[in-house]
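Asks: The sequence isn't on hand, but the structure is:
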Ligand code: PRF
């Protein structure tokens, strides 16, 4: 899922997004509650109509964003309290409020309100957050008022395999529509991400969607897919695009680089995206250097297409029983800690 935090995948129109092959978009409860407010979105006919995207949508619950983005915050059994970064007013987000907001926004999939402990965190801290996440999930289930929206639970448990497995088992007993693994990719080493995903995913039902939150590098995705993960969200393709970076063949290219100045070939000869079909590296280099807004649109279109094609190739390889062989490069541990 490309990330459309504020009900827009930054710099890309829904029609352009559709052409990348992306099927589902993620938006965020925390941001949309602050601006424009869920009532505006609901009055506009719900999130799909409001933003002009007629494909599937998922909203994250806001828990993670409160913990990672808000300056002033208090977390209690009741919920999380923080100050709006826009006008300073105090806002309380509880499991019930998060679900009410997500019911009003109207995405196809909504997420339970969870507590994502930081890394590193002591076993005691992680145990407390995991227990609270479970009790919050029970409150989310009670508060959920729109049966047509699928509610996914989130497994926390930090880097402690037994806490992860215990949390996953407890969630499975609640028979939810889908399951997410949260609390990874929060600063821990890459090898730990893989380990946690490997011990957690097999406990989650094979026939239901298994979603690894906030992950989207080639290597992390490939390893998670090998463990059974079906769904990801990540800002990387669009965020890198806005930094003038193209994703090509598993590499990151900085388009400001002098080597592209007179290179009139497309980013990737084999890429079917609008950017590669119509524009050269030299043109993109010029746009990025000039900080032209079109640069960000064209690079976002390419980067999203590139990552979606990567997952499409994996899907085909799995069907043809070539996955382990064809993606061996990405299934191996990272050659250094930089990727
Ligand atoms: N919880 C929620 N959203 C998230 C995360 C989480 O732990 C993460 C962690 N990688 C990303 N997005 N609700």
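Replies: Structure received. Remember, predicted model here, so these are calculated numbers, not experimental data.
Asks: so who does the residue nearest the centre of the chain touch?
Replies: For the chain, the residue nearest the mean C-alpha position is residue 233 (2.2 Å; Cα atoms, centre = their mean). Neighbouring residues of residue 233 by Cβ atoms under 8 Å, 6 or more residues apart in numbering: 1, 2, 3, 26, 58, 60, 211, 213, 214, 215, 216. Every residue, glycine included, has its C-beta placed from N, CA and C.
Asks: mind running it again at 7 Å?
Replies: Contact analysis of residue 233 by Cβ atoms under 7 Å, 6 or more residues apart in numbering lists 1, 3, 26, 213, 214, 216.
Asks: Return only those of the residues you listed found close to the ligand.
Replies: Under the cut-off given by Cβ under 6 Å from any ligand atom, the ligand has 213, 214 from the contacts of residue 233 close to it.
Asks: re the thing from before, relative to residue 216, how far out is the residue nearest to the centre of the chain?
Replies: For residue 233, the distance to residue 216 equals 7 Å [Cβ to Cβ, to the nearest Å].
Asks: Up against the ligand, what does the stretch 151-300 of the chain have?
Replies: Those residues of the stretch 151-300 of the chain that sit near the ligand, judged by Cβ under 6 Å from any ligand atom, are 154, 182, 183, 184, 185, 186, 213, 214.
Asks: Using TSV, lay out the residues you listed together with neighbour count and pLDDT.
Replies: As requested, those are exported to TSV (neighbours: other Cβ atoms under 10 Å; pLDDT from 0 to 100):
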residue	neighbour count	pLDDT
154	29	98
182	27	98
183	30	97
184	28	97
185	20	95
186	19	94
213	23	98
214	23	97
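Asks: quick check: longest strand of this structure.
Replies: Taking DSSP state E as the criterion, the chain has its longest strand at strand 150-155.
Asks: Mind listing what's buried along the helix or strand that that strand is followed by?
Replies: The element immediately downstream of strand 150-155 (helix or strand, assigned by DSSP states H and E) is helix 161-172. Within helix 161-172, the residues that qualify as buried are 163, 164, 165, 166, 167, 168, 170, 171, 172, counting by 16 or more other Cβ atoms under 10 Å.
Asks: centre of the chain versus helix 161-172, how much separation?
Replies: Here helix 161-172 shows a centroid-to-chain-centroid distance of 22 Å under the convention Cα atoms, centre = their mean, to the nearest Å.
Asks: what's it packed up against?
Replies: If contacts are counted by 3 or more Cβ pairs under 7 Å, 6 or more residues apart in numbering; DSSP states H and E, helix 161-172 sits against helix 123-143, strand 150-155, helix 190-200.
Asks: And the contacts of that helix?
Replies: Contacts made with helix 161-172 from outside it, assessed by Cβ under 7 Å, 6+ apart, are listed as 126-127, 130, 134, 153, 155-157, 179, 196, 199-200, 203-205.
Asks: quick one: which of the buried residues of helix 161-172 is nearest to residue 18?
Replies: Closest to residue 18 out of the buried residues of helix 161-172 is residue 171 (32.9 Å), distances taken as Cβ to Cβ.
Asks: right, and the helices and strands packed on helix 161-172 - which one's nearest residue 39?
Replies: Nearest to residue 39 among those is helix 123-143; the distance by Cβ to Cβ comes to 17.6 Å.
Asks: packing partners for the closest one?
Replies: helix 95-105, strand 150-155, helix 161-172.
Asks: Looking at those, spot the one closest to residue 114.
Replies: Ranked by Cβ to Cβ, the member of those that lies closest to residue 114 is strand 150-155, at 4.3 Å.
Asks: which residues make contact with the closest one from outside it?
Replies: Here strand 150-155 has contacts from 108-112, 114, 133, 137, 140-141, 144, 164, 167-168, 171, 174, 176-182, 200, 211, using Cβ under 7 Å, 6+ apart.
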